[in-house]
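**Q** Need coordinates for the following:
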Amino acid sequence: MRAVKKRCQFIKWSALPAALLSAFLMSGCEEGHGRPAAPAPVPEVATITVAPQRVVLTTDLPGRATAFRTAEIRPQVNGLILKRLFTEGADVKAGDVLYQIDPAPFQAALDNARAALDRAEANLPAVRLRAERYRELLADKAVSQQDYDDAAAHLKQAEAEIQYYKASAETARINLGYTRIVAPIPGRIGRSNVTDGALVTAYQPLALATIQQLDPIYVDVPQSTTELQRLRSRLEEGQLDQNGKNQKKVALILENGRPYPLEGTFQFREVTVDPTTGTVILRVIVPNPNGVLLPGMFVRAVLREGSNEKAILVPQQAVSRDPKGNAIALVLNPENKVAQRTLSLDRAIGDQWLVAAGLEPGDRVIVEGTQRVRPGAAVKAVPFDAQPAPSAQNDPPGAK
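**A** Numbering: from 1, shown residues only. Here you go, the predicted model:
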């Protein structure tokens, strides 16, 4: 009996806190009875109003510098190199003497040709007088026709010999001039492949040296045929205007990310597609007075595609992706309710997206506060205050 009594007392005391809690809650409900709950606050979002603007569209492509002109120096006569007359790596002018081949045998050949010419010219007057005399005697029948024909033929042969020896003398003079190997173009000359005393042959496969003209210089830029067809389609559809006065200007970015100070000029587009890469070559000519650009150097060329007079730009932070990877943005209707739009993006321009489809002028796009709202929700819109980071204003093109 004593054990049963203790158990009943424990149940009574353990039930007491629950009863007190229920009474407290009921008293609280009774006190708040009839008072309306506070409405949830309307979320605030920052928006921009879409407006068309003029944007110059560019394409950033890799390129390689190529010498404006290249001349491989080869001898045009056989001989012995007496002296190299240039400094390797120096700038040379057209006509500067680079090598001197031993001229003695060529001078002797010229003297021999001139002596033969003088001998032929000395015989010509006597042969001409004999032919004229035979012509007069032929009229009087004092000589036969055969004698006159022989004299006339001898005259023509003597005149032909003079022409032959003149050509021989000119050839000898040209060969003598070839012993002085001169620079055909101005530019910078590389290392010499021969030294003094080397024996060289005419038009040998190994070049004695190479001259490259570096100012101006070419930059060859490969462009994919896919990109080329896309550009043509946009021009045909009227999305681009290529009538700007600076349309053919090309900016360059060096390998270290710094912009090249001088602009190049677009020259032409190659008509043949490289079957291995599916690209065509765009050639740009660039001033290079200080020799910063060297043949074989890689650069990035910023080509102007044209200007879009009705471009729609939105900040990149206003665009997100759905589970399928489609670009989406949230916009406000006239009742300040959220709606979702699927966008077609063209490219990134700075910290903004160029929108090809999905937005119209006058649309209000949510830039900040997209995480707090859902389509169909009512919101409070405030203007978006774009404050660009100071470092972004000072970064040179291509520094990222």
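**Q** Same question for the longest strand seen in the chain: list its buried residues.
**A** The residue-count maximum for a strand in the chain (DSSP state E) belongs to strand 53-73. Applying a neighbour-count criterion of 16 or more other C-beta atoms under 10 Å, the buried positions in strand 53-73 are 55, 57, 58, 61, 63, 65, 66, 67, 68, 71, 73. Any C-beta I mention is one placed from the backbone N, CA and C, and that applies to glycine too.
**Q** before we move on, what about stretch 178-187?
**A** For stretch 178-187, by 16+ other C-beta under 10 Å, it's 178, 179, 181, 182, 183, 185, 186, 187.
**Q** Compute the distance from the centre of it to the centre of its chain.
**A** Put simply, stretch 178-187 sits 32 Å off its chain's centre (C-alpha atoms, centre = their mean, to the nearest Å).
**Q** Just the endpoints, please. Distance across it?
**A** Chord length of stretch 178-187, first to last residue, is 21 Å (C-alpha to C-alpha, to the nearest Å).
**Q** And the contacts of it?
**A** Identification of contacts with stretch 178-187 by C-beta atoms under 8 Å, 6 or more residues apart in numbering yields 67, 69, 71, 73, 75-77, 79, 91-103, 106, 189, 208, 211-214.
**Q** Please repeat the previous calculation with a cut-off of 6 Å.
**A** 69, 71, 76-77, 92-99, 101, 103, 106, 211-213 (C-beta atoms under 6 Å, 6 or more residues apart in numbering).
**Q** follow-up on the earlier one: ok, of the buried residues of strand 53-73, which one's closest to residue 302?
**A** residue 58 (5.0 Å; C-beta to C-beta).
**Q** Could you list everything the closest one pairs with in the sheet?
**A** residue 304 (DSSP bridges).
**Q** how close does it sit to residue 80?
**A** 57 Å (C-beta to C-beta, to the nearest Å).
**Q** just checking, what packs against the longest strand of the chain?
**A** strand 209-224, strand 298-315 (3 or more C-beta pairs under 6 Å, 6 or more residues apart in numbering; DSSP states H and E).
**Q** so which of the ones you listed gets nearest residue 84?
**A** Short answer: strand 209-224, nearest of those by C-beta to C-beta, at 8.7 Å.
**Q** which outside residues touch that closest one?
**A** 61, 63-73, 183, 185, 187-190, 192, 278-289, 291, 293, 295, 301.
**Q** got the angle for it vs strand 53-73?
**A** Angle between the axes of strand 209-224 and strand 53-73 is 150 degrees (criterion: axes from the mean of the first three to the mean of the last three C-alpha atoms, to 10 degrees).
**Q** buried residues in strand 209-224?
**A** Buried residues in strand 209-224 (16+ other C-beta under 10 Å): 209-219, 221-223.
**Q** Then stretch 292-299?
**A** 292, 293, 295, 299.
**Q** Find the residue closest to the first one in space, skipping its chain neighbours.
**A** Think residue 292. Leaving aside its sequence neighbours, residue 292 sits nearest to residue 260 (C-beta to C-beta, 6 or more residues apart in numbering; 7.0 Å).
**Q** Helix or strand: which one has residue 121?
**A** helix 104-139 (DSSP states H and E).
**Q** as a whole number, average confidence for the next helix-or-strand element following that helix?
**A** Counting by DSSP H and E, the next helix or strand C-terminal to helix 104-139 is helix 145-177. Mean pLDDT, helix 145-177: 92.
**Q** For helix 145-177, name the packing helices and strands.
**A** Partner elements for helix 145-177 (3+ C-beta pairs under 6 Å, 6+ apart): helix 104-139.
**Q** In the helix it packs on, which residues are buried?
**A** Quick answer for helix 104-139 (16+ other C-beta under 10 Å): 105-106, 109-110, 113-114, 116-117, 120, 127, 130-131, 134, 138.
**Q** From the chain's centroid, how far away is that helix?
**A** The answer for helix 104-139 is 64 Å, by C-alpha atoms, centre = their mean.
**Q** Likewise for stretch 346-356?
**A** Counting by C-alpha atoms, centre = their mean, stretch 346-356 comes out at 22 Å from the chain centroid.
**Q** Run through who's touching it.
**A** Contacts of stretch 346-356 (C-beta under 6 Å, 6+ apart): 311, 312, 313, 314, 315, 316, 319, 343, 344, 345.
**Q** hmm, which two among those are most spread apart?
**A** The widest separation within these (C-beta to C-beta) is 17.0 Å, between 315 and 344.
**Q** the more surrounded of these two?
**A** Taking other C-beta atoms under 10 Å, residue 315 and residue 344 do not tie; residue 315 has more neighbours (16 against 11).
**Q** Tell me the bridge partners for that one.
**A** Counting by DSSP bridges, the residues bridging with residue 315 are residue 352.
**Q** and it, how far is that from residue 151?
**A** From residue 315 to residue 151 the distance is 103 Å (C-beta to C-beta).
**Q** before we move on, what about residue 293?
**A** Distance from residue 293 to residue 151, by C-beta to C-beta: 71 Å.
**Q** ditto for residue 111
**A** From residue 111 to residue 151 the distance is 32 Å (C-beta to C-beta).
**Q** got it, and residue 262?
**A** Applying C-beta to C-beta to residue 262 and residue 151 gives a distance of 74 Å.
**Q** Between those two, which has more neighbouring residues?
**A** residue 151 (21 against 15).
**Q** circling back: in strands, which of the buried residues of stretch 178-187 fall?
**A** 181, 182, 187.
**Q** tell me what the helix or strand where residue 267 lies is packed against?
**A** Assigned by DSSP H and E, residue 267 belongs to strand 264-269. Helices and strands touching strand 264-269, by 3+ C-beta pairs under 6 Å, 6+ apart, are strand 279-286.
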